[in-house]
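no sequence on hand, only this structure:
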Ligand code: GDP
């Protein structure tokens, strides 16, 4: 097989103490020897002069050689550590290209590591997540996935499903015993055990995904209800003003904060009011769209204005499941409210707080976390992506379907098929089975040099 030798600058662009050019592929060692005049033994750093075509010294630095298969990619890998400057990196790259390497595509080093069985897909994704992690908790979770924590749990589930499949398929192959097999309830019991295990893993995966991607939160309410004060109280010390997150509409994103290690992206809903002005109407439309997309909406209500009027905003919200009413300014004790009666009529969760004194804030944080499915502290979590959550959901649906068919029609063949499909969905997570072009799509989102 003819494999290209790829090269890329592995360090971030710009000036720095050290810059690294990395090569991977069969010609790596040869290219290094031509550029440096020597090749050190594998895994020994050697001080060398990197030279260009006319034998002029580009820079001095360290040369490292990792011989296949004991390298990150599983191929021969060369690392050239020079001074970190754009020109030095460019000249080193140019020389490597002249000597037969080609520029690596984004994520191509990780892709090769995956194809050479150095990593499974969740681990390769964890590298990207680790590098890009936005909080310490997210970095630790990515590290856990990288070490194989997530893959291990998928493998354990796969084993259980395999055992069940063997049992079910044996029963199909020996039809005389099928009647007993279906009647005794053992299969259904084992199936339920597997469903429970899958649900538990799904919950943990969803939390890992929240840690990576964060949640979208909208804070709405009448002017002066205390929305800004609540925001400040929620974010505490961790408040970070973010002007831009790739792939999001800047209009609707105001900023991101961190809530107990979870990134929380705040949706700007300033435009949410009735208006005749066509320009403002556009703002209202966008605000509504943003509201519909938010994972959670906090409706801030205060004691100073008419509560029924304030709660009327609830009618504007698409889904009461995603709303928490926050009764603010509890330190004031101004009005005589019958909170419970009012809320009984709207059937949403509520928390009483004072954004000013901090009363009730801890409760609110935990209600927010519970509502989005992030009940555990981030310690002990592994990082995960939407793709993983989706695959687990599909696997769960297949098991549920199989269980129903077994219950209703004693359909062992259909159960066997649903078990197979559930396993296939799980295999997509670790990359053992992949739909076409998913692989390309995953690695294309990586940075160059990874
Ligand atoms: P927004 O317009 O909804 O963002 O409201 P602000 O957060 O700007 O608050 C409006 C006013 O209410 C400010 O003067 C705040 O100091 C005050 N306020 C906010 N929360 C509380 C609270 O819990 N207790 C008291 N006493 N005042 C509050």
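Thanks, I have it. As the structure is a computational prediction, the values presented were derived from the model and not from experiment.

and residue 207, how far is that from residue 383?
Distance from residue 207 to residue 383, counting by C-beta to C-beta, to the nearest Å: 10 Å. C-beta: built from backbone N, CA, C; applies to glycine.

between those two, which one's more packed in?
Taking neighbours as other C-beta atoms under 10 Å, residue 207 and residue 383 compare with residue 383 leading, 31 against 26.

which residues touch that one?
126, 129-130, 133, 138, 141-142, 144-145, 150, 208-209, 211-212 (C-beta atoms under 8 Å, 6 or more residues apart in numbering).

what does residue 217 give?
264-267, 294-298, 368.

and which of these is nearest the ligand?
residue 298 (11.1 Å; C-beta to the nearest ligand atom).

how close does the closest one get to residue 318?
For residue 298, the distance to residue 318 - C-beta to C-beta - is 15 Å.

residue 425 - how many residues pack around it?
Residue 425: 19 neighbours (other C-beta under 10 Å).

what's the helix or strand for it?
helix 412-430 (DSSP states H and E).

just to revisit the earlier point, for the contacts of residue 383, give me a markdown table that also has pLDDT.
Putting the contacts of residue 383 into a markdown table (pLDDT from 0 to 100) gives the following:
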| residue | pLDDT |
| --- | --- |
| 126 | 93 |
| 129 | 90 |
| 130 | 91 |
| 133 | 83 |
| 138 | 84 |
| 141 | 89 |
| 142 | 91 |
| 144 | 91 |
| 145 | 92 |
| 150 | 92 |
| 208 | 88 |
| 209 | 89 |
| 211 | 84 |
| 212 | 85 |
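
list the contacts of the residue most central in space within the chain.
Taking C-alpha atoms, centre = their mean, the centroid of the chain lies closest to residue 385, which sits 3.4 Å from it. Neighbouring residues of residue 385 by C-beta under 8 Å, 6+ apart: 125, 129, 209, 212-213.

returning to what we had before: what helices or strands is the very next helix or strand once past the helix holding residue 425 leaning on?
Counting by DSSP H and E, the element after helix 412-430 in chain order, helix or strand, is helix 438-444. Applying 3 or more C-beta pairs under 8 Å, 6 or more residues apart in numbering; DSSP states H and E, we find helix 438-444 packed against helix 108-115, helix 121-132.

need the ones you listed in CSV (columns: mean neighbour count and distance to the ligand).
Shown next, in CSV, are the helices and strands packed on helix 438-444 (neighbours: other C-beta atoms under 10 Å; distance: least, C-beta to the nearest ligand atom, whole Å):
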stretch, mean neighbour count, distance to the ligand
helix 108-115, 23, 44
helix 121-132, 23, 32
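
circling back to that earlier point, selection in PyMOL covering whichever of the contacts of residue 217 are buried, please.
In PyMOL, this line selects whichever of the contacts of residue 217 come out buried by 16 or more other C-beta atoms under 10 Å:
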select buried, resi 264+265+266+267+294+295+296+297+298+368
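
residue 136 versus residue 368, what's the distance?
Distance from residue 368 to residue 136, by C-beta to C-beta: 20 Å.

just the pLDDT for the nearest residue to residue 328 once chain neighbours are set aside.
If the residues on either side of it in the chain are set aside, residue 328 comes closest to residue 226, at 4.1 Å by C-beta to C-beta, 6 or more residues apart in numbering. pLDDT recorded at residue 226 is 86.

how about residue 435?
pLDDT at residue 435 comes out at 68.

and residue 351, how many residues sit next to it?
Using other C-beta under 10 Å: residue 351 sits among 19 other residues.

doesn't it fall inside a strand?
Yes. Counting by DSSP: H, G, I helix; E, B strand; the rest coil, residue 351 is part of a strand.

pull the contacting residues for it.
Contacts of residue 351 (C-beta under 8 Å, 6+ apart): 324-327, 360, 363-364, 367.

pull out the buried residues from those residues.
Here, 16+ other C-beta under 10 Å leaves 324-327, 360, 364, 367 buried among the contacts of residue 351.

out of the residues you listed, which one sits closest to residue 188?
Distance to residue 188, by C-beta to C-beta, is smallest for residue 367 among the buried ones among the contacts of residue 351, at 36.3 Å.

mind checking which helix or strand the closest one is in?
Counting by DSSP H and E, residue 367 is part of helix 361-372.

so how far is that helix off the chain centroid?
Counting by C-alpha atoms, centre = their mean, to the nearest Å, helix 361-372 is centred 21 Å from the centre of its parent chain.

contacts for that helix, please.
Taking C-beta under 8 Å, 6+ apart as the rule, helix 361-372 contacts 210, 215, 217, 233-234, 259-260, 262, 295-296, 298, 322, 324, 326, 349, 351, 353, 355, 375.

average model confidence for stretch 264-282?
Per-residue scores along stretch 264-282 average to 62.

look at the closest residue to residue 355 other than its chain neighbours and say how many residues are nearby.
Spatial nearest neighbour of residue 355, excluding adjacent residues (C-beta to C-beta, 6+ apart): residue 229 at 3.7 Å. By other C-beta under 10 Å, the residues close to residue 229 number 18.

now do the same contact list for residue 229.
328, 355-356.

ok, and which of these reach the ligand?
Among the contacts of residue 229, proximity to the ligand is found for 328, 355-356 (C-beta under 6 Å from any ligand atom).

low-confidence regions, this protein specifically.
For the chain, the stretches flagged by pLDDT under 70 are 1-2, 175-184, 236-255, 268-284, 287, 334-343, 345-346, 375-380, 435-436.

okay but residue 259 is in contact with residue 234, surely?
Yes. The pair residue 259 and residue 234 passes the contact test of C-beta atoms under 8 Å, sitting 6.3 Å apart.

between these two, who's got more neighbours?
residue 234 (23 against 20).

might one say that the more buried one is in contact with residue 256?
No. Counting by C-beta under 8 Å, residue 234 stays clear of residue 256, with 11.8 Å between them.

chain center to stretch 185-199, what's the gap?
Distance, centroid of stretch 185-199 to centroid of chain: 28 Å (C-alpha atoms, centre = their mean).

for stretch 97-116, same thing?
For stretch 97-116 - counting by C-alpha atoms, centre = their mean - the centre lies 24 Å from the chain centre.

got it, and stretch 307-325?
On C-alpha atoms, centre = their mean, the centre of stretch 307-325 falls 30 Å from the chain's centre.
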